[in-house]
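1. here is a sequence with its predicted model. Questions after.
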Amino acid sequence: MTPVFAIVLLAGILGLLVWVALTAVADTVEGWTGVDPEARFGSRGRFGLAAALGFGLAGMSATFAGWSGAWPILASVAGAAFSIGVAARYGPRPRSESD
């Protein structure tokens, strides 16, 4: 299972780097607001990215801690759920019309 966790973690890290870069471009370059990942993918995209990061990090940590059996899988699912919760709590809020 370690290679699965590693691949998901690598995909999550690369996705996060692309997400941050596209957000920076959308906020700073005039006329490029269409590349904003939050506008394109919304909360589902943010939650998917957070789930991949949490799943990979928790799974890798559990396997390298020497856990065996179903424990690494349970830890990875818990890590994904925790990361989704963090993304929901601290993610961007919808803008009101007064902004």
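-> Happy to help now that I have it.

2. going by C-alpha atoms from here, please, whenever you check contacts or count neighbours.
-> Will do.

3. in stretch 41-54, what's buried?
-> Neighbour counts over stretch 41-54 (16 or more other C-alpha atoms under 10 Å) mark 43, 46-54 as buried.

4. ditto for stretch 75-86
-> For stretch 75-86, by 16+ other C-alpha under 10 Å, it's 75-84.

5. out of the buried residues of stretch 41-54, which is nearest to Arg93?
-> Closest approach between the buried residues of stretch 41-54 and Arg93, by C-alpha to C-alpha: Ser43, at 9.9 Å.

6. distance of that closest one relative to Glu30?
-> Remark: distance between Ser43 and Glu30 (C-alpha to C-alpha, to the nearest Å) = 24 Å.

7. okay, now Tyr90: neighbour count?
-> When neighbours are defined as other C-alpha atoms under 10 Å, Tyr90 has 9 of them.

8. state the pLDDT value of it.
-> On pLDDT, Tyr90 comes in at 93.

9. one more: Ala80?
-> Note on Ala80: pLDDT of 97.

10. that one contacts Gly48, correct?
-> No. With contact defined as C-alpha atoms under 8 Å, Ala80 does not reach Gly48; the gap is 9.0 Å.

11. pLDDT and distance to Val35 for the buried residues of stretch 41-54 - can I get that in CSV?
-> CSV is the format used below for the buried residues of stretch 41-54 (pLDDT from 0 to 100; distance: C-alpha to C-alpha, whole Å):
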residue, pLDDT, distance to Val35
Ser43, 90, 15
Arg46, 94, 14
Phe47, 96, 18
Gly48, 96, 18
Leu49, 96, 17
Ala50, 97, 19
Ala51, 97, 22
Ala52, 97, 21
Leu53, 97, 22
Gly54, 97, 25
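
12. could you dump those into CSV with secondary structure added?
-> Converted to CSV, the buried residues of stretch 41-54 look like this (DSSP: H, G, I helix; E, B strand; the rest coil):
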residue, secondary structure
Ser43, helix
Arg46, helix
Phe47, helix
Gly48, helix
Leu49, helix
Ala50, helix
Ala51, helix
Ala52, helix
Leu53, helix
Gly54, helix
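
13. distance to Leu17 added to these, as JSON lines?
-> Below are those laid out as JSON lines (distance: C-alpha to C-alpha, whole Å):
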{"residue": "Ser43", "distance to Leu17": "17"}
{"residue": "Arg46", "distance to Leu17": "13"}
{"residue": "Phe47", "distance to Leu17": "15"}
{"residue": "Gly48", "distance to Leu17": "14"}
{"residue": "Leu49", "distance to Leu17": "11"}
{"residue": "Ala50", "distance to Leu17": "12"}
{"residue": "Ala51", "distance to Leu17": "15"}
{"residue": "Ala52", "distance to Leu17": "13"}
{"residue": "Leu53", "distance to Leu17": "12"}
{"residue": "Gly54", "distance to Leu17": "15"}
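
14. alright, I will stop here.
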